[in-house]
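> coordinates only, sequence not included:
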């Protein structure tokens with residue numbers, strides 16, 4: 001396993017829609033293991049492949065507290081097939097948007113169909129933080145960022161600040 005570089009804004013790969021996975025092989029397994037290791041090291045509770053510069057519909061999520069056993073959820077080609085009407089608001093952060101926080105309203109409960117590493121279909125009913133984390137990572141897979149939930153003023157201010165910081169490096 002290896003730590004992957006986490007791509008940060010304003011890198012254009014974050015705005016690209018990831019492609020469906022068609023082959024379930026050792027390369028995919030290595031990607032998932034590397035993504036999990038990267039997510040845990042960050043530390044974060046989710047990571048999408050395009051956050052690592054790979055345009056594949058792959059995400060990993062683990063909302064387990066640090067003092068509890070890990071419970072990695074691998075989502076390949078995920079699709080939300082059902083959403084509750086009820087929405088919850090919560091502040092979110094993102095590994096690709098350092099120091100950016102945004103309150104986002106999302107369905108509090110979802111049903112997701114996705115493939116596992118063997119290509120088998122799995123159905124996940126997720127609530128609360130798990131539902132939120134899955135939806136956040138699925139946004140990434142579709143080229144949508146947490147920035148898109150912010151006002152245009154907040155978004156532009158953040159991006160100018162990031163670009164200035166990156167120029168200094």
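All right, it came through fine. Because the structure is a prediction, the values reported are computed rather than measured. Numbering: from 1, shown residues only.
> which stretches of this protein form strands?
In the chain, the strands defined using DSSP state E lie at 46-48, 58-61, 73-83, 87-93, 101-107, 109-115, 121-127.
> can you give me how far the shortest one is from the chain middle?
So that's strand 46-48. Remark: strand 46-48 is offset 3 Å from the chain centroid, using Cα atoms, centre = their mean, to the nearest Å.
> Now the closest residue to residue 19 other than its chain neighbours, what are its backbone angles?
Closest residue to residue 19 apart from its sequence neighbours, by Cβ to Cβ, 6 or more residues apart in numbering: residue 55 at 5.6 Å. C-beta: built from backbone N, CA, C; applies to glycine. Main-chain dihedrals, residue 55, degrees, to the nearest 10: phi -90, psi 70.
> didn't residue 55 look like it was pressed against residue 13?
Yes - counting by Cβ atoms under 8 Å, residue 13 is a contact partner of residue 55 at 7.0 Å.
> Packing partners of the lowest-mean-pLDDT helix or strand in the chain?
Every helix and strand in the chain was compared by mean pLDDT, DSSP states H and E; the lowest is helix 152-168, with a mean of 92. On a contact count with 3 or more Cβ pairs under 8 Å, 6 or more residues apart in numbering; DSSP states H and E, helix 152-168 meets no helix or strand.
> Nearest the geometric middle of this protein, what residue?
Nearest residue to the geometric centre of the chain (Cα atoms, centre = their mean): residue 137, 2.5 Å.
> For that one, which non-adjacent residue is spatially closest?
Residue 137 sits nearest to residue 59 (Cβ to Cβ, 6+ apart), 3.8 Å away.
> How about that neighbour: which residues does it bridge to?
Beta bridges link residue 59 to residue 48, residue 75 when assigned by DSSP bridges.
> ok now do it, which residues does it touch?
Contact analysis of residue 59 by Cβ atoms under 8 Å, 6 or more residues apart in numbering lists 46-49, 74-75, 78, 134, 137-138, 140-141.
> show me what contacts residue 47?
By Cβ under 8 Å, 6+ apart, the neighbours of residue 47 are 6, 35-36, 38-39, 59-60, 95, 137.
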